[in-house]
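1. Structure here, sequence nowhere to be found:
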């Protein structure tokens, strides 16, 4: 066994699943891209342009400026890779506070635990050492209305990844980095149509923009953070005082360079030298140039760039804001990760307490680590209420 092991369990995360073709974009700390809250998960991981809620910290903190409740707190729990283990999970706690009618701040902590892992030198070894690798992120954000219909927000995130295991007293220092988010959100006034009222929404979020993460303080061995651009739009059909139906569309693109063809001389044969040079050239790209390269570096041109855009569709029906039903569909091109899945969700609210649940089932042959998994979220809203124009 190697003296020092960098656990590769995180490669099982959905953003790192191997595609049928070899141009999947992989990143460090992919848990940052996993939907932790059951409301968004019930709509196939949509959240950048949905109505404001406590969970906006992960999707679009600019939505907090449009929150109706003065304060909110939530906890969420997501079992992970339940087909392989029963102690891998993602947990998140989120809090926001509206400072005034125009501004708010939010904060969250997200923890991804891989459970206990035995490090055995052989099957016969007794009392093997046990490690518990984990990753976490701590966020903060501030949002401000720039007009009655539009707000913007900035967020900051500290990331720590403790996956490196030391054997025989070798170094096991955790890796850390930081990232920022820049987001915007638009929400129209309630518009009267012939047989119903309606409200338009739109949002964007430049997310996880920050230095690459490395365990050895070596730029060549560092990995990109899952920087991405989310853009979404939605419309609420306000049928009457009790019934509301919302439709949402979200697009997502990683702001990470695309791996290039390792056949550098084009002779149809890939040597170990070519593969090594191709990998080193890719890893030597800085995170800032990488953001700009991500819009035009796909080997097959614009056609392949379009394949890197992920889209999701979601719908939500709510009755008196006390009961909600949700469904969604998520689609990724087969040449990238091939993940496609449907989701279902429900929400129940009593006074200031709300419970959300969601369920995911795959629509492709690519295994999904969240398949057949129930996700849970518990929300508490309290304080004064703000009028919604």
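-> Nice, I can see it. Given the structure is predicted, the values throughout are model-derived calculations rather than measurements.
2. In contact with the spatially closest residue to residue 197 that is not a sequence neighbour, which residues are there?
-> Nearest non-adjacent residue to residue 197, counting by C-beta to C-beta, 6 or more residues apart in numbering: residue 238, 4.1 Å away. (Each C-beta comes from the backbone N, C-alpha and C, glycine too.) When contacts are counted by C-beta atoms under 8 Å, 6 or more residues apart in numbering, residue 238 is found next to 190, 196-199, 244.
3. Kindly report the same for residue 145.
-> With contact set as C-beta under 8 Å, 6+ apart, residue 145 has these partners: 65-66, 101-103, 151.
4. Let's see that with 7 Å instead.
-> Under the criterion of C-beta atoms under 7 Å, 6 or more residues apart in numbering, the neighbours of residue 145 are 65, 102, 151.
5. how near is it to residue 180?
-> In this structure, residue 145 and residue 180 are 20 Å apart, going by C-beta to C-beta, to the nearest Å.
6. Out of the contacts of residue 145, which end up buried?
-> Among the contacts of residue 145, those classed as buried by neighbour count (16 or more other C-beta atoms under 10 Å) are 65, 151.
7. hmm, what's the outermost residue in the protein?
-> Taking C-alpha atoms, centre = their mean as the measure, the residue most remote from the mean C-alpha position of the chain is residue 124, 40.6 Å away.
8. how much distance is there from the helix ranked longest in the chain to the middle of the chain?
-> Secondary structure assigned by DSSP state H gives helix 272-283 as the longest helix of the chain. For helix 272-283, the gap between its own C-alpha mean and the chain's C-alpha mean amounts to 29 Å (C-alpha atoms, centre = their mean, to the nearest Å).
9. so how many other residues sit close to the closest residue to residue 34 other than its chain neighbours?
-> Taking C-beta to C-beta, 6+ apart, and ignoring the residues beside it in sequence, residue 34 has residue 90 as its nearest neighbour in space, at 5.8 Å. The burial metric for residue 90, expressed as a neighbour count using other C-beta atoms under 10 Å, is 21.
10. next structured bit after whichever strand or helix holds residue 90?
-> Here residue 90, judged by DSSP states H and E, is contained in strand 89-98. Tracing the chain C-terminally past strand 89-98 and defining elements by DSSP H and E, one meets strand 103-113 next.
11. Now do the phi/psi pair for residue 365.
-> In terms of degrees, to the nearest 10, the main-chain angles of residue 365 are phi -80, psi -10.
12. Secondary structure class of the residue lying closest to it once chain neighbours are set aside, three-state.
-> Computed as C-beta to C-beta, 6+ apart, the closest residue to residue 365 that is not its neighbour in sequence is residue 338, at 7.6 Å. The three-state label for residue 338, taken from DSSP: H, G, I helix; E, B strand; the rest coil, comes out as coil.
13. hang on, the earlier thing: starting from the longest helix of the chain, tell me the next helix or strand along the chain.
-> Using DSSP H and E, the helix or strand that follows helix 272-283 towards the C-terminus is helix 287-293.
14. Show the model's pLDDT score for residue 361.
-> Turning to residue 361, the model gives it a pLDDT of 89.
15. And the one 10 residues further on, by the same measure?
-> In this model, residue 371 is scored at 85, pLDDT.
16. any low-confidence regions in the stretch 1-150 of the chain?
-> Judged by pLDDT under 70, the stretch 1-150 of the chain has its weakly predicted residues at 1-22.
17. And residue 283, how close does it get to residue 296?
-> Noted for residue 283: a distance of 20 Å to residue 296, by C-beta to C-beta.
18. again with residue 146
-> Counting by C-beta to C-beta, the gap between residue 146 and residue 296 amounts to 31 Å.
19. Skip the chain neighbours and tell me the closest residue to residue 314.
-> The spatially closest residue to residue 314, leaving aside those adjacent along the chain, is residue 43, at 2.9 Å (C-beta to C-beta, 6+ apart).
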